[in-house]
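Enquirer: Sequence and computational prediction follow.
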Amino acid sequence: MKHVRGAALPLGVTISEEKINFSVAADPDSVCELCLYKKGYTEPFSVCELEQEPLIGNVRFVAVEGLGGDVEYLYRIDGEEYLDPYVREVSVMKGQRRGVVVQESYDWEKDAPLMLPQHEVIAYSLHVKGFTRQSASGVRHKGTFAGLVEKIPYLAGLGINQIHCMPVYEFDNGGKNGVNYWGYGPGYFFAPKSSYAAGEHPVTELKDMIKACHKAGIEVILEMPFDASAGRQLMEECLRYYRMEYHVDGFIVNPVFFSAEEIAKDPILSRTKILIHLNDYQNIMRRFLKGDEGMVNDVMYWVNHHTEHIYNYITNQNGFTLNDLVSYDRKHNEENGENNQDGPEYNYSWNCGAEGPSRKKAVMGLRKKQMTNALLLLFSAQGTPCILAGDEFANSQKGNNNVYCQDNVTGWVNWSRAKQYGWLTELVKDLISFRKAQPVLTQAEPLMGADLAKCGIPDISFHGEHAWRIPNEVSSRQLGVYYSGQAQGTSDCFVIYNMHWVEHVFALPTLTSKRKWYLAASTKEGVLKEPLLLDNQHDIQVEDRTVMLLISRQVE
């Protein structure tokens, strides 16, 4: 082994056939040393001081020839241990974090990002550890990349074709209150989290997970919130790295640091899905769900609003789960140790008559109704729907709307509820199947409210109790949305939302000759195995807090 002149760029570790290059940024006039370790040993077998070169700013570098396998490294800067921010894999030796020189190749078996059309995506948001860590998850490798792989048949069975993963990079477990469960904040963004690996190779296991998802037709989107201290250059290089090295389908990014339009200009990332969190749809639909007045105009906008960078969700990790949304009026974050001062103050939730768990039939019946309505709202809107892991079986966080520090049963998905709420899982599965079978609900572009088929009916129109009349009075809590399938030569769909606590009678838009309205799904019946022809084709009675989905069919 010998040290030879290296290269300043790229930063981090670069492996070639003849040598391994180490490059790191260090403050001017500091003493910077590269320490090399054999795996399992506490003392370095080589220490090399990296000299500063006046023409290359603050970057220090060296190349090493003849370096064998199982090598780990870190830097000492003015005597303080410093882990490379570009490290690709992290190991821990008696509490000391060290970088791993990753030299192994990986067989991708001709894998590539799936590039599914965004309007065809059904997304599912999860925390890699929390998704399978609970004892009832039924997987062998709980709380790991491998554990998620074991759940792929379950996800595919639901109809999911895209997963959104909360941070999977190496981050400090200790946070404000001693635990950083979510992974936001500083981190080693290039390195998969070592504790999420079932074995000793997190790099390989994350690649295995992504490859297995792709084989099942499921895209993988990584949340990369970054930290302001990371610097723009590192952020951009990191996204390119995961795209090229891990075949990641896309990222959820912080719009404070990036705009989707900026990233799209990058030649490496130009065909990568770039998503951002946007709570507007969530808040509007939550308020509509619980019966707030004055929401109809906003709902009309959001049922037809979609771009390639925004996805629709009624629940996500920052806030109540679906079960808790209909079970709590206020947050219950006392266990977080911040005197219940943390977490969102405005949740637009409603406990349906009792705070927290209840055995009252009326309360539980209303909660069932509201959870069903929330899912019907989500899956009947244009755009990309995304559900929160565990919502399909009423997962609860006991009213905690900010489980950032709850690396325990509160924050983990509780699979023991899956049997009790199997009806909800089946509803999600059926709604996804129904949505995929209705082209008018999965349009590639926003609808214009224009008669594109020249048949006298616009592609989208809004109705109230009277057909073709928008119920936009402040007191209105009901709306009908008519999606015409004429331009596509497919079924029409009429979605009726009655979020009022009293029933309403809706006039039905008149169909073209030989077509009739059929009931396909509702709050009460769920998704019907076979759509039911309506006896009355002129109007329909809609019960309180009820959603109905009608489709048209040709009748001879």
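Expert: That came through fine. All of these numbers come straight from a predicted model, not from anything done at the bench.
Enquirer: and the longest helix for this protein?
Expert: Secondary structure of the chain per DSSP state H: the longest helix is helix 361-379.
Enquirer: and stretch 119-138, which residues are buried?
Expert: Applying a neighbour-count criterion of 16 or more other CB atoms under 10 Å, the buried positions in stretch 119-138 are 119, 121-134, 137. (Each C-beta comes from the backbone N, C-alpha and C, glycine too.)
Enquirer: Residues in contact with the longest helix of the chain: which ones?
Expert: Helix 361-379 has contacts (CB atoms under 8 Å, 6 or more residues apart in numbering) with 285, 288-290, 312-315, 322-323, 325-327, 350, 352-354, 358, 385, 387, 394, 424, 427-428, 431-432, 434-435, 441, 497, 499, 521, 523, 526, 545-547, 549.
Enquirer: all strands for the stretch 1-150 of the chain, in order.
Expert: Counting by DSSP state E, counting those that start in this stretch, the stretch 1-150 of the chain has strands at residues 2-4, 12-15, 19-25, 32-38, 46-50, 59-65, 71-77, 80-82, 90-93, 96-100, 123-126.
Enquirer: Could you report the pLDDT at residue 556?
Expert: Note on residue 556: pLDDT of 71.
Enquirer: Next up, the contacts around it.
Expert: By CB under 8 Å, 6+ apart, the contact set of residue 556 is residue 514.
Enquirer: Tell me how far it lies from residue 531.
Expert: For residue 556, the distance to residue 531 (CB to CB, to the nearest Å) stands at 16 Å.
Enquirer: cool, and residue 297?
Expert: For residue 297 relative to residue 531 (CB to CB), the value is 30 Å.
Enquirer: Between these two, which is the more surrounded one?
Expert: Per other CB atoms under 10 Å, whichever of residue 297 and residue 531 has more neighbours is residue 531, with 19 against 15.
Enquirer: and the helix or strand bottoming out on mean pLDDT in the chain, what does it pack onto?
Expert: Across the helices and strands of the chain, mean confidence by mean pLDDT, DSSP states H and E is lowest for helix 260-264: a mean of 89. Helix 260-264 is packed against strand 273-275, with contacts defined by 3 or more CB pairs under 8 Å, 6 or more residues apart in numbering; DSSP states H and E.
Enquirer: The strand it packs on pairs with which strands?
Expert: Using DSSP bridges, the strands paired with strand 273-275 in its sheet are strand 250-253 (parallel).
Enquirer: what bridges to the residue in the chain sticking out farthest from the centre?
Expert: Residue farthest from the centre of the chain, counting by CA atoms, centre = their mean, is residue 2 at 46.5 Å. Judged by DSSP bridges, the bridge partners of residue 2 are residue 65.
Enquirer: how near is it to residue 24?
Expert: 20 Å.
Enquirer: likewise residue 397?
Expert: Distance of residue 397 to residue 24, computed by CB to CB: 41 Å.
Enquirer: same thing with residue 398?
Expert: Residue 398 is 45 Å from residue 24, by CB to CB.
Enquirer: Neighbour count: these two, which is higher?
Expert: For the pair residue 398 and residue 24, the greater number of neighbours falls to residue 24 (25 against 19), based on other CB under 10 Å.
Enquirer: ok, the more buried one - contacts?
Expert: 11, 12, 32, 50, 59, 60, 61, 75, 82, 84, 86.
Enquirer: now residue 169
Expert: By CB under 8 Å, 6+ apart, the residues touching residue 169 are 183, 187, 188, 189, 190, 191, 192, 193, 224.
Enquirer: can you list the residues you listed in TSV and add neighbour count and secondary structure?
Expert: TSV is the format used below for the contacts of residue 169 (neighbours: other CB atoms under 10 Å; DSSP: H, G, I helix; E, B strand; the rest coil):
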residue	neighbour count	secondary structure
183	23	coil
187	21	strand
188	23	strand
189	24	strand
190	24	strand
191	27	strand
192	26	strand
193	22	coil
224	23	strand
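Enquirer: Quick check: the farthest pair among the residues you listed?
Expert: By the measure CB to CB, 183 and 190 form the most distant pair in the contacts of residue 169, at 14.3 Å.
Enquirer: related to what we said a few turns ago, out of the strands of the stretch 1-150 of the chain, which gets the lowest mean score?
Expert: Of all these, the minimum mean pLDDT falls on strand 90-93 (a mean of 92).
Enquirer: That one: how far from the chain's middle?
Expert: Centroid separation between strand 90-93 and its chain, computed with CA atoms, centre = their mean, to the nearest Å, is 29 Å.
Enquirer: which residues touch stretch 313-323?
Expert: In contact with stretch 313-323 (CB under 8 Å, 6+ apart) are residues 125, 127, 166, 182, 277, 281-282, 285-286, 289, 325, 328, 331, 343-344, 347, 349, 367, 371, 374-375, 377-378, 385-388, 390-391, 394-397, 399, 401-403.
Enquirer: Just the buried residues of those residues.
Expert: Buried members of the contacts of stretch 313-323, scored by 16+ other CB under 10 Å, are 125, 127, 166, 182, 277, 281-282, 285-286, 289, 325, 328, 331, 343, 347, 349, 367, 371, 374-375, 377-378, 385-388, 390-391, 394-397, 399, 401-403.
Enquirer: Which of the residues you listed fall within helices?
Expert: If you go by DSSP H, the buried ones among the contacts of stretch 313-323 have 281, 282, 285, 286, 289, 325, 367, 371, 374, 375, 377, 378 in helices.
Enquirer: Okay, the second one and residue 355: tell me how far apart.
Expert: In other words, residue 282. 22 Å.
Enquirer: quick revisit: quick check: the residue farthest from the centre of the chain touching residue 64?
Expert: Yes. Taking contacts as CB atoms under 8 Å, residue 2 lies within contact range of residue 64: 7.3 Å.
Enquirer: show me where the protein has helices.
Expert: Using DSSP H, the helices of the chain run over residues 128-132, 145-150, 152-158, 202-215, 232-246, 260-264, 280-290, 296-302, 322-325, 361-379, 422-436.
Enquirer: what about residue 91, neighbour count?
Expert: 18.
Enquirer: so it bridges to which residues?
Expert: residue 98.
Enquirer: surely it meets residue 195?
Expert: No. Residue 91 is beyond contact range of residue 195, at 11.4 Å (criterion: CB under 8 Å).
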